[in-house]
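A.B. asks: build me a structure from this.
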Amino acid sequence: MPQTQLTQTRQITHLTTGWRFHRGEIDIRNFESVSGDELVAAEWLKTGNQGVARAGYPDADWRNVNLPHDFVIEEEFSPDARSTHGYLPVGVGWYRKTLSLPTEDEGRRIFLEFDGVYRDCSVWLNGHFVGRHLSGYTSFSFEISDICQYGGENALAVQVDAHEQELWSYEGGGIYRDVRLVKTAPVYIPYCGTFITAMPKEETGGDPASLAVQTDLVNSGSDPAACEILCEAFSPGGELAAVVRWSGS
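C.D. replies: Model (predicted):
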C-alpha cells in the first residue's frame, strides 16, 4: 500500500483581534446541525436566512472587542448581585468573528483552540453546532475541518454563560484567554498529545534524572504514512540536553 508523503507544517493563527460582542441572550432557534456535505449544499447558505453563526449576520450594532475580554467587569456594581462575585451581575455574552480560509487548506485538519472561557461555552461555525465546554478553568479544542467553507468566509459564533460559579471569588465572564486557529497535515499530533514525566535522580536510585515522553499521533487519512517524531530537551540555560527520535508508519 502506498505511503502518504507529508509536506504540510502546522500553522497557528492567534485570533485575538476583530471580534464582535453582544451582551445578553439572542434567538438561536434557527441553527441547523448538518454534516459537512449537507452544509456545502444547504440552500440557506445562498439565501438571506442568516443566523448569528452564518456569514452576513447583521452585527453592526455589536461592539468591537479584542481578547482577552471580560464582560462582567464592565457592569455596574449592584447590592443584588452575589457578594462572592464582587457584587457584579453575571449573565450571557455572544462573540462573533469571521475567518477566511483559502482553497489550499482543503484536505488539512482545522482546529479551534481555546485557552480559557468563563464559563459555560457553546461554539457554532457556519450555522453548525461544534461543541460545548463546561468549565471556566480548563482549555479545550474543537475540530472544524468538515464544516469549513474553503475559499470563502466562515462565521464563528461563541455563546458564553457566566451564571455558574466555581470559586468563592470574582471569576468574570467571557473569552478571557487566547483563541487559536490551528491547521495541520492529515497526520498530526493532537491537542495535548504530548505527555512528559520527569523523575529526579533522588527517585531513580542514584542514576541520572530521567525524562519520559509520550506522544500521540493521529492519521486521519486512509493510507499509511511514514512519520518521524523528534523530541528535544533543553537545560535551563538553553543548551540541548537530550534528543529522542522515533520513526515508523
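A.B. asks: pull the contacting residues for the most centrally placed residue in the chain.
C.D. replies: For the chain, the residue nearest the mean C-alpha position is residue 113 (1.9 Å; C-alpha atoms, centre = their mean). Taking C-beta atoms under 8 Å, 6 or more residues apart in numbering as the criterion, residue 113 is in contact with 139-141, 179-180, 182, 191. C-beta coordinates here come from the backbone N, C-alpha and C atoms, glycine included.
A.B. asks: that one pairs with what?
C.D. replies: As for beta bridges, residue 113 partners with residue 141, residue 180 under DSSP bridges.
A.B. asks: per-residue confidence for it?
C.D. replies: Note on residue 113: pLDDT of 98.
A.B. asks: quick one: it from residue 173, how far?
C.D. replies: 20 Å (C-beta to C-beta, to the nearest Å).
A.B. asks: looking at the chain, which helix or strand is least sure?
C.D. replies: helix 36-41 (a mean of 47; mean pLDDT, DSSP states H and E).
A.B. asks: how about the helix or strand that it is followed by: buried residues?
C.D. replies: Downstream of helix 36-41, the first helix or strand assigned by DSSP states H and E is strand 63-65. Neighbour counts over strand 63-65 (16 or more other C-beta atoms under 10 Å) mark residue 65 as buried.
A.B. asks: need the contact partners of strand 63-65.
C.D. replies: Residues from elsewhere that reach strand 63-65 (C-beta under 8 Å, 6+ apart): 18-22, 95.
A.B. asks: right, and the pair among these with maximum separation?
C.D. replies: Using C-beta to C-beta, the contacts of strand 63-65 span at most 15.1 Å, a distance reached by 18 and 22.
A.B. asks: the two: which is more packed in?
C.D. replies: Neighbour comparison, residue 18 and residue 22: the larger count goes to residue 22, with 19 against 13 (by other C-beta atoms under 10 Å).
A.B. asks: I figured that one hits residue 60, correct?
C.D. replies: No: taking contacts as C-beta atoms under 8 Å, residue 22 lies outside contact range of residue 60: 11.3 Å.
A.B. asks: residue 121 bridge partners, please.
C.D. replies: Residues in beta-bridge contact with residue 121 (DSSP bridges): residue 133, residue 160.
A.B. asks: from residue 86, how far off is it?
C.D. replies: In terms of C-beta to C-beta, residue 121 sits 21 Å off from residue 86.
A.B. asks: compare those two (neighbour count), which wins?
C.D. replies: A count of neighbours by other C-beta under 10 Å puts residue 121 above the other of residue 121 and residue 86, at 23 against 15.
A.B. asks: residues touching the more buried one, list them.
C.D. replies: Contact analysis of residue 121 by C-beta under 8 Å, 6+ apart lists 114, 132-134, 140, 158-161.
A.B. asks: look up how far residue 152 lies from it.
C.D. replies: According to C-beta to C-beta, residue 121 and residue 152 sit 25 Å apart.
A.B. asks: how many neighbours does the closest residue to residue 17 other than its chain neighbours have?
C.D. replies: In this structure, residue 17 finds its nearest non-sequential neighbour in residue 66, 4.9 Å apart by C-beta to C-beta, 6 or more residues apart in numbering. A count of nearby residues for residue 66, using other C-beta under 10 Å, gives 10.
A.B. asks: can you tell me how far residue 66 sits from residue 84?
C.D. replies: Going from residue 66 to residue 84 by C-beta to C-beta gives 28 Å.
A.B. asks: and if you look at residue 68?
C.D. replies: Going from residue 68 to residue 84 by C-beta to C-beta gives 22 Å.
A.B. asks: which stretches of this protein have low pLDDT?
C.D. replies: Within the chain, the segments meeting pLDDT under 70 span 1-8, 27-50, 206.
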